[in-house]
Every structure is written in structure tokens, then in C-alpha cells.
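sharing a model that was predicted from the sequence below.
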Amino acid sequence: MHSEQRSLLLVDDESSILQTLRMVFEQQGYQVVTAQSCAEAVELLTNGHTFDAVVTDLNMEKEDIGLEVARAALRIKPKPAVVICTGFASVSNSRAALDLGVDYMAHKPVELEGLIAALNKLLSRRSDSGRRK
Amino acid sequence: MAKAMPEKTGLKNAAPMALVVHPDVGVITSLQSALADKGYVTIVARDLAMALLAITQHYFQVAIVSSRLEEGGDGWPLAGVLHLVFPHAFVSVTSPGEPDVLTLQAAINHGVREIYRESMPAPEIVGSITKQLEDARPAGKRPKVQ
């Protein structure tokens, strides 16, 4: 088991989704920070905040702008697990996500159990890999 | 079929190792030859069982897996296992046709770094992999491959 509380940045412009996901992940033991726009999330990510994981919507202020959140998150060291949730996946934005090195892509409506399991798996793998170093 | 290889293949100075998993011997031969040209020692497997055996015996830096081994899509979970076991390896999948949204999503969710079309010539696939590996490394840490 992970002894420390895992930190998670949730990014979505729909406050109902944000609050639901916050509640779900807090129940899972995560320390959750939320952002309602790409700009807000990028500011958090570039101002010295670190997170174990970032879960972001894709379409917010602009179409596919969630990729900018992913890009900013993937520049941080240590690299957080990055998950994109979208109802508007296309070949173009999925290809961009693959090229960026996004860890998981979930389709909306998101199946919560699947998302939680995927995130837990990604973070367990990271902490396991960190212990091996 | 997995080849017998000497032990300690994961040593720092040993040649980098690649795993090719594909049901077609012709494809395997082409990829093996292209990888050898780039300095890789290649282990090949034609099915899931041999691939899993190879995973237990070697440390791979590169893996090229067909998305279809015995039936359509059964290469994806193997690619996921490879990513899990060798998190720093470049795991790629060959797939028929242009990748669609579901294929790209499968790649992301299985930790696959790149998808190549089955029809792509082996030297191009290997060239793309080695270039991406080179680009990902800091200047002072380039591998000693041709």
C-alpha cells in the first residue's frame, strides 16, 4: 500500500463533473486540486506545484486544449501520470496524445471504476519503479 | 520461436536487445535483419507463449509486436505486458491499415510508443524506432548503435 496521500490535479470546465470526480477520488484517498480551465491548470503546473497524477478534459476553452495541460504536466519532473478524458476523441487528437506520451485516454461518459483502476495501476507502477531505482 | 541467448544480456555494455513477435516468418526475418543493421540482438517469437518465454529470459530495449498473433487484437495485451515488465523499452505495434481512434486509444492505454502499418518496410520501422530513441536521449547518453 502507498503510505503517503497521492496528489491529483483534476481539470474540467464542467463544474458538475469536476465535483463528482473530486468526491470520487477523495474517497479513494487522493488529495485533489481542481482547475476549471486549461489556463488555470497550466498556471498550477508551471508554478512549482507537483502532482502524482493529472486528469484532464480535452475540450475546454478551445477544442483539444487539454493537450496543452498534458504537455505542461509531462514537462514536470518527476513526471505525473497523465490521463485525458474526452467525449470527442478523433484520430488527430488521439495521435497527438500518443505522441505526447499521455498515459491513459478514457472516453466520456467515463466509467469511474475503470478510471480509478487505471490511475491506481499507473501510480503503483510508478512508485514500484521508483523503489527499484 | 525464441532463440537461445547467452545470459546477462541486460549488461550495460552488451548489445541492445529487441523482441519481434509476429506470426509471419517473412516479416520476422525482415525486421530481424533491419534491427541487426542497427546493432540490435533480436529475439523472435511467432506466438504468445514463445513471447512470454522470451520476456522471462531477456531484458529488451525495443519490442515490435503484431497486433494480430492468433486472432485480431491479441497482440495488444502482450504489448501492455511488455510495457509493464520493461517500462523504459520502446514498445511498438504493427497493425493493418491506418490506425483509427480505437487503435490509437489501445496504444496509449497499453503503453505503446508507436503504431506502424504492417505494409511499412522493415528498415523504415526500425529507422523510426532508433530515431525516436536517439531523440529521447540527452546528447551525452546516446547508445552505441549504428
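Alright, I've got the coordinates. Bear in mind the structure is a predicted one, so any value in this text is a computation, not a measurement.

how about the residues of chain B by chain A?
Counting by CB under 8 Å from any CB of the partner chain, chain B comes close to chain A at B:84, B:87, B:98-101, B:104-105, B:107-109, B:111-115. Every C-beta, even on glycine, is put in place using the N, C-alpha and C of the backbone.

what about stretch B:107-118, start to end distance?
For stretch B:107-118, the separation between the terminal residues is 15 Å (CA to CA, to the nearest Å).

centroid residue for chain A?
Centroid-nearest residue in chain A: A:Val55, 1.9 Å away (criterion: CA atoms, centre = their mean).

on that earlier part again, what's the ChimeraX line that selects buried ones from the residues of chain B next to chain A?
Those of these that count as buried under 16 or more other CB atoms under 10 Å in any protein chain shown are selected in ChimeraX with:
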select /B:99,101,104,105,107,108,109,111,112,113,114,115
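
sort out for me which of the residues of chain B next to chain A are in strands.
Counting by DSSP state E, the residues of chain B next to chain A place B:114-115 in strands.

just give the nearest non-adjacent residue to A:Arg65, would you?
Quick fix: residue A:65 is Ile, not Arg. Nearest non-adjacent residue to A:Ile65, counting by CB to CB, 6 or more residues apart in numbering or on different chains: A:Cys38, 4.4 Å away.

kindly report the same for A:Ala53.
A:Ala81 (4.3 Å).

follow-up on the earlier one: I'd say the residue nearest to the centre of chain A and A:Leu10 touch.
Yes: taking contacts as CB atoms under 8 Å, A:Val55 lies within contact range of A:Leu10: 5.3 Å.

what's the overlap in contacts for these two?
Common contacts of A:Val55 and A:Leu10 (CB atoms under 8 Å, 6 or more residues apart in numbering or on different chains): A:Leu21.

regarding chain A, what is its longest helix?
helix A:112-132 (DSSP state H).

elements contacting it?
On a contact count with 3 or more CB pairs under 8 Å, 6 or more residues apart in numbering or on different chains; DSSP states H and E, helix A:112-132 meets helix A:15-27, strand A:53-57, strand A:81-86, strand A:104-107.

possible to save these as CSV with mean pLDDT?
Output for those, formatted as CSV (pLDDT from 0 to 100):
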stretch, mean pLDDT
helix A:15-27, 95
strand A:53-57, 97
strand A:81-86, 96
strand A:104-107, 94
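
between the ones you listed, which gets nearest to B:Lys131?
strand A:81-86 (23.7 Å; CB to CB).

using CSV, write out every CA atom in the closest one.
Output in CSV follows, covering the C-alpha atoms of strand A:81-86 (Å, rounded to 0.1, in the frame of the first residue of the first chain):
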residue,chain,number,x,y,z
ALA,A,81,0.6,10.1,-14.7
VAL,A,82,-1.4,11.9,-17.3
VAL,A,83,-4.9,10.9,-18.2
ILE,A,84,-7.2,12.5,-20.8
CYS,A,85,-10.9,12.1,-20.6
THR,A,86,-12.9,13.1,-23.7
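
who's in contact with that strand?
Under CB under 8 Å, 6+ apart, the answer for strand A:81-86 is A:12, A:52-59, A:66-67, A:70, A:73-74, A:93, A:97, A:100-108, A:110, A:115, A:118-119, A:122-123, A:126.

same thing with stretch A:57-74?
Against stretch A:57-74 from outside (CB under 8 Å, 6+ apart): A:9, A:11-14, A:17, A:37-39, A:41-42, A:45-46, A:51, A:54, A:56, A:79-80, A:82, A:84-89, A:92-93, A:96-97, A:100-102.

now the residue of chain B found nearest chain A. Nearest residue, chain neighbours left out?
Chain A sits closest to B:Leu104 of chain B, with a gap of 3.7 Å, by CB to the nearest CB. Nearest non-adjacent residue to B:Leu104, counting by CB to CB, 6+ apart: A:Ser94, 3.7 Å away.

average pLDDT for whichever strand or helix holds A:Glu43?
In the assignment (DSSP states H and E), A:Glu43 maps to helix A:38-46. Computed over helix A:38-46, the mean pLDDT rounds to 96.

export it to PDB, keeping only CA atoms.
C-alpha atoms of helix A:38-46 as PDB (Å, rounded to 0.1, in the frame of the first residue of the first chain):
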ATOM      1  CA  CYS A  38      -6.500  24.900 -19.300                       C
ATOM      2  CA  ALA A  39      -5.100  28.300 -18.300                       C
ATOM      3  CA  GLU A  40      -5.700  27.700 -14.600                       C
ATOM      4  CA  ALA A  41      -4.200  24.200 -14.800                       C
ATOM      5  CA  VAL A  42      -1.100  25.300 -16.700                       C
ATOM      6  CA  GLU A  43      -0.500  28.000 -14.200                       C
ATOM      7  CA  LEU A  44      -0.600  25.500 -11.400                       C
ATOM      8  CA  LEU A  45       1.700  23.100 -13.300                       C
ATOM      9  CA  THR A  46       4.200  25.800 -14.200                       C
END
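
before I go, just wanted to say thanks for your time.
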